[in-house]
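*Asks:* Predicted coordinates and the sequence they were generated for:
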Amino acid sequence: MSPVQTAVTAVLTDKFEVSPEHIRPEATLESLDLDSLALAELALALQEELGVPVADEEATRHSTVGELVATLNAKRA
């Protein structure tokens with residue numbers, strides 16, 4: 001698991017109480033029951049955790065966990 005994927009999983013499980021078995025690359029953020037406020041909080045938490053800017057539009061309801069991880073990996077490269 002990449003450091004970004006580890007961070008995304010940790011934030012989703014710790015801050016949003018998402019069960020780890022639901023955090024799969026193909027899972028959408030909406031399917032994890034994150035509303036628009038939660039998505040904004042997710043973007044902020046990931047920004048703090050990873051030290052890279054995360055725009056709210058990078059974590060949309062229709063984004064998958066895999067897409068989010070790929071976007072954040074690219075920003076860290």
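*Replies:* Thanks, I have the structure now.
*Asks:* Setting aside sequence neighbours, what's the nearest residue to residue 9?
*Replies:* Spatial nearest neighbour of residue 9, chain neighbours left out: residue 23 (5.3 Å); criterion: Cβ to Cβ, 6 or more residues apart in numbering. Glycine gets a C-beta too; all of them are placed from N, C-alpha and C.
*Asks:* and what of residue 15?
*Replies:* Nearest to residue 15 is residue 45, by Cβ to Cβ, 6+ apart, at 5.7 Å.
*Asks:* how much space between that neighbour and residue 25?
*Replies:* For residue 45, the distance to residue 25 equals 19 Å [Cβ to Cβ, to the nearest Å].
*Asks:* Repeat that for residue 8.
*Replies:* To residue 25, residue 8 is 10 Å away according to Cβ to Cβ.
*Asks:* ok, the two, which is more surrounded?
*Replies:* A direct count of neighbours by other Cβ atoms under 10 Å for residue 8 and residue 25 places residue 8 higher, at 24 against 12.
*Asks:* got the contact list for that one?
*Replies:* 23, 46, 65, 68, 69, 72 (Cβ atoms under 8 Å, 6 or more residues apart in numbering).
*Asks:* where does it land on pLDDT?
*Replies:* With respect to pLDDT, residue 8 scores 96.
*Asks:* and it, that one's in a strand?
*Replies:* No - secondary structure of residue 8 (DSSP: H, G, I helix; E, B strand; the rest coil): helix, not part of a strand.
*Asks:* Run through who's touching stretch 44-51.
*Replies:* 4, 7, 8, 10, 11, 15, 53, 54, 59, 72, 76.
*Asks:* Test my guess that residue 16 contacts residue 38.
*Replies:* Yes - counting by Cβ atoms under 8 Å, residue 16 touches residue 38, with 6.2 Å between them.
*Asks:* And those two? Which one has more around it.
*Replies:* Legend: neighbour count by other Cβ under 10 Å for residue 16 and residue 38, higher for residue 38 (19 against 15).
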